[in-house]
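# Give me a model of this one.
(one chain, ligands or ions: 1)
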Amino acid sequence: MQNTSASSAQGEGRPGARPEDVAGAAPGRGPRAAGARRGRPRAVVIGSGFGGLAAAVRLGVRGYEVTVVEKLDAPGGRAYVHRQDGFTFDAGPTVITAPFLLEELWQLCGRRMADDIDLRPVTPFYRIRFHDGATFDYTGDAAAMRAEVARLSPGDVEGYERFVRKSEAIFRVGFEELAHVPFGSWIDMARIVPDMVRLESYRTVYGLVARHVKDDRLRQVLSFHPLLVGGNPFSTTSIYSLIAFLERNWGVHFPMGGTGALVKGLVSLVEGLGGAVRCGAEVRRVAVERGRARGVELASGERIEADVVVSNADSAWTYRHLVPPEARRRWTDRRIERQRYSMSLFVWYFGVRRRYPDVAHHTILLGPRYKALLDDIFQRHVLADDFSLYLHRPTATDPALAPPGCDAFYVLSPVPNLQSGTDWPATQERYRRAISALLEATLLPGLEGALATSRLLTPQDFQDRLLSFRGAAFGPEPVLTQSAFFRPHNASEDVEHLYLVGAGTHPGAGLPGVLSSARVLDRVVPDASAFR
Ligand SMILES: Cc1cc2nc3c(=O)[nH]c(=O)nc-3n(C[C@H](O)[C@H](O)[C@H](O)COP(=O)(O)OP(=O)(O)OC[C@H]3O[C@@H](n4cnc5c(N)ncnc54)[C@H](O)[C@@H]3O)c2cc1C
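Reported below is the predicted structural model:
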């Protein structure tokens, strides 16, 4: 497989690009200067999250011999799959949006995603349940949404429609023009400032919503989206309002077999290109010589040589723990400490020996407090007694994810990252019981008595298992001052031929974000031909 297909498929054709044409390749220190070798140039990808696997596919298509090294015993990262007692639990992403970004990876390999993945539309996208028990079905159907808004707040219909048009305008710029562009210099940033001002990016998501609708509950319905990517609606730039249009236009989907089916599919693409995914292989250090990445060293002591190294590990962790301090001019320990980190999550996966057919695939249970709870999580870093929850019932779409007559669930509570100082091993069971009591009193009567299996994920696990700095679930917080040029760059500012992909780099967290970060690499990683 040669290097032209990725670039030509996207109209970004750079076959035979010279090293000096490529961002990050300084004159005189380009790939050839580092020594040509016969055969395909080698790329190592640290981590097998969606961003890492997408990067591996793209590098393989562009002619690299790719090895993905993954610390855990199976691929997927946050999308790891737990199988226990006959139940299948996707650990992380469940709301699949922007399916075209996945489809593109199959197309680059000359394959059709539909041959491997049975992706089903989910409706409603979300059933939102307010604290008083009232519900709002959030869908992609314009007429149904208008009717739901009118039911909640008749005076807000016109403002809601203006908000939808605004979301589309933001999408046209924020996603179509910026998400796959590397922000490697001030000039890239300066170029987008007029658009950002025109689209009111200086406002927060909540601020933008509040300018369009008056009803407090509707403001919550239209502003919760940043939470899906680790942002506080009260401080995340309104660019993230584009998610509303993204969902409305392309829908919300779920693969039969669970999100793990997509991970499996991506691994098969990597392997089909001659690449390898090695699990149980933790990287201890990026090998840097004279300012340039030369490969990685594993915890086992093994060294893997490479022409380019792509880190899909958490960006703060990559710099703080994998890149030697003497190789870091920008990402010093101090700068890493001073970044703001996203919230974390408490997730309870559970299976029950009965079914709850009235519970939607995706339910959001809003608690009694909105802004005050978010302040506790993001500003004050305290674990509150109340919570807002996301409840996932994958068996609503694919009953095969649980034994016959049973339902699989996970419930997720946004919580502060480890800056809260919470002793999670000592707290987790009490916290789980509080959530269980709320679910039992609302949507899942008889829950505790029907439990068949159970497992927890806490902020401590995000740090210890997934190696995420401060146990943040989504990397650096997506505020304007930590976006685009201000986020750790896709082409490392400190180490030549080290690249970043995934939630901690541009454009950010969530599957559309990390898949887009892999697209950015096509623009900054030299073509394989540059090494021959
Ligand atoms: C519970 C939860 C629910 C979510 N729900 C959604 C959703 O519904 N929709 C959506 O779009 N997004 C969702 N997200 C966000 C989305 O899942 C993430 O932003 C995305 O999956 C992150 O992908 P990534 O490429 O950054 O890699 P990650 O998934 O973070 O994977 C990184 C990998 O690197 C490995 N690694 C780290 N350090 C090393 C090392 N030193 N050596 C070897 N390997 C290493 C880790 O083990 C891990 O496998 C959710 C996230 C969570 C946690």
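
# and the gap between the closest residue to Val524 other than its chain neighbours and the ligand?
Nearest residue to Val524, sequence neighbours excluded (C-beta to C-beta, 6 or more residues apart in numbering): Ala491, at 4.1 Å. Bear in mind the C-beta positions are built from the backbone N, C-alpha and C, glycine included. Applying C-beta to the nearest ligand atom, to the nearest Å, the value for Ala491 to the ligand is 17 Å.

# Phi, psi for Ala491 please.
phi -100, psi 120 (degrees, to the nearest 10).

# Quick one: find the helix or strand in the protein with the lowest mean pLDDT.
Within the chain, no helix or strand scores below helix 4-9, which has a mean of 30 by mean pLDDT, DSSP states H and E.

# Give me the next element, helix or strand, following that one.
Toward the C-terminal end, the helix or strand that comes next after helix 4-9 (DSSP states H and E) is strand 42-46.

# Give the buried residues for that following strand.
42-46 (16 or more other C-beta atoms under 10 Å).

# So is that strand next to the ligand?
Yes - Strand 42-46 lies within reach of the ligand by C-beta under 6 Å from any ligand atom, at Ile46.

# what element comes up after that strand heading to the C-terminus?
Note on strand 42-46: by DSSP H and E, the next helix or strand toward the C-terminus is helix 50-61.

# Whether the next helix or strand after that next one contacts the ligand - can you check?
As assigned by DSSP H and E, the chain's next helix or strand after helix 50-61 is strand 65-69. Yes - using C-beta under 6 Å from any ligand atom, strand 65-69 reaches the ligand at Val69.

# List the neighbours of the very next helix or strand once past strand 65-69 that are in contact with it.
For strand 65-69, the succeeding helix or strand toward the C-terminus, using DSSP H and E, is strand 81-84. By C-beta atoms under 8 Å, 6 or more residues apart in numbering, the surrounding residues in contact with strand 81-84 are 74, 88-91, 258-260, 263, 349, 351, 453, 455.

# Arg532: which of these is nearest?
Each of the contacts of strand 81-84 was checked against Arg532 using C-beta to C-beta; the closest is Val263, at 32.0 Å.

# who are the neighbours in contact with that closest one?
Neighbouring residues of Val263 by C-beta under 8 Å, 6+ apart: 48, 50, 53, 75-76, 79, 81.

# coming back round to it: in CSV, list the buried residues of strand 42-46 along with distance to Lys371 and pLDDT.
Compiled in CSV, those are given as follows (distance: C-beta to C-beta, whole Å; pLDDT from 0 to 100):
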residue, distance to Lys371, pLDDT
Arg42, 50, 98
Ala43, 45, 98
Val44, 44, 98
Val45, 40, 99
Ile46, 38, 99
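
# Nearest to the ligand among the residues you listed?
Ile46 (5.0 Å; C-beta to the nearest ligand atom).

# Is it correct that the closest one is in contact with Val308?
No - counting by C-beta atoms under 8 Å, Ile46 stays clear of Val308, with 11.6 Å between them.

# Return the residues of the stretch 201-350 of the chain in contact with the ligand.
With C-beta under 6 Å from any ligand atom as the criterion, the stretch 201-350 of the chain comes near the ligand at residues 228, 282-283, 312-313, 345, 347.

# any chance of the residues you listed in JSON lines, plus neighbour count and pLDDT?
Compiled in JSON lines, these are given as follows (neighbours: other C-beta atoms under 10 Å; pLDDT from 0 to 100):
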{"residue": "Leu228", "neighbour count": "18", "pLDDT": "89"}
{"residue": "Glu282", "neighbour count": "15", "pLDDT": "98"}
{"residue": "Val283", "neighbour count": "25", "pLDDT": "98"}
{"residue": "Asn312", "neighbour count": "32", "pLDDT": "98"}
{"residue": "Ala313", "neighbour count": "31", "pLDDT": "98"}
{"residue": "Leu345", "neighbour count": "24", "pLDDT": "98"}
{"residue": "Val347", "neighbour count": "22", "pLDDT": "98"}
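
# Below-threshold pLDDT in the chain: ranges please.
Confidence mapping of the chain against pLDDT under 70 gives the ranges 1-38.

# all helices for the stretch 201-350 of the chain, in order.
Using DSSP state H, counting those that start in this stretch, the helices of the stretch 201-350 of the chain run over 205-212, 216-223, 242-250, 259-272, 315-317, 333-338.

# which of the ones you listed is buried the deepest?
Of all the helices of the stretch 201-350 of the chain, helix 315-317 carries the top mean neighbour count, a mean of 23, counting by mean count of other C-beta atoms under 10 Å.

# what helices or strands is that one leaning on?
Using 3 or more C-beta pairs under 8 Å, 6 or more residues apart in numbering; DSSP states H and E as the contact test, no helix or strand touches helix 315-317.

# Go again with 10 Å.
Applying 3 or more C-beta pairs under 10 Å, 6 or more residues apart in numbering; DSSP states H and E, one finds that helix 315-317 makes contact with helix 333-338.

# Check which helices and strands the helix it packs on sits against.
helix 315-317.

# Leaving out sequence neighbours, find the closest residue to Ile192.
Residue nearest to Ile192 in three dimensions, not counting chain neighbours: Leu178, with 6.2 Å by C-beta to C-beta, 6+ apart.

# That neighbour touches Gly513, doesn't it?
No - using C-beta atoms under 10 Å, Leu178 is not in contact with Gly513, being 11.5 Å away.

# In terms of neighbours, single out the busier of the two.
Higher neighbour count among Leu178 and Gly513: Gly513, with 27 against 21, using other C-beta atoms under 10 Å.

# In terms of helices and strands, where is that one?
helix 511-524.

# Show me what that helix is packed against.
Packing contacts for helix 511-524, counted by 3+ C-beta pairs under 10 Å, 6+ apart, involve helix 4-9, strand 42-46, helix 50-61, helix 99-108, helix 242-250, helix 259-272, strand 308-311, strand 498-500.

# One more pass at 8 Å, please.
Here helix 511-524 touches helix 50-61, helix 99-108, strand 498-500, going by 3+ C-beta pairs under 8 Å, 6+ apart.

# Tell me which of those sits most buried.
helix 50-61 (a mean of 30).

# Can it be said to contact the ligand?
Yes - Helix 50-61 reaches the ligand (C-beta under 6 Å from any ligand atom) through 50-52.

# which SSE is the closest residue to Phe136 other than its chain neighbours in?
Distances taken as C-beta to C-beta, 6+ apart put Ile128 closest to Phe136, at 4.5 Å, once the chain neighbours are dropped. Assigning secondary structure by DSSP H and E places Ile128 in strand 126-129.

# just the CA coordinates of that strand, formatted as PDB?
Extracted in PDB, the C-alpha atoms of strand 126-129 (Å, rounded to 0.1, in the frame of the first residue of the first chain):
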ATOM      1  CA  TYR A 126     -31.600  11.600  24.200                       C
ATOM      2  CA  ARG A 127     -34.600  11.400  26.600                       C
ATOM      3  CA  ILE A 128     -34.000  14.200  29.000                       C
ATOM      4  CA  ARG A 129     -35.700  13.800  32.400                       C
END
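
# and which of the residues of helix 50-61 next to the ligand is nearest Leu443?
Nearest member of these to Leu443, counting by C-beta to C-beta, is Phe50, at 29.3 Å.

# excluding its backbone neighbours, what's nearest Arg127?
Ala360 (4.1 Å).

# Likewise for Asp85?
Distance criterion C-beta to C-beta, 6+ apart; nearest residue to Asp85, sequence neighbours excluded, is Thr453 at 4.0 Å.

# The helix or strand where the one you found lies pairs with which strands, and in what direction?
Per DSSP H and E, Thr453 falls inside strand 451-457. Under the criterion DSSP bridges, strand 451-457 sits next to strand 344-352 (antiparallel) in its sheet.
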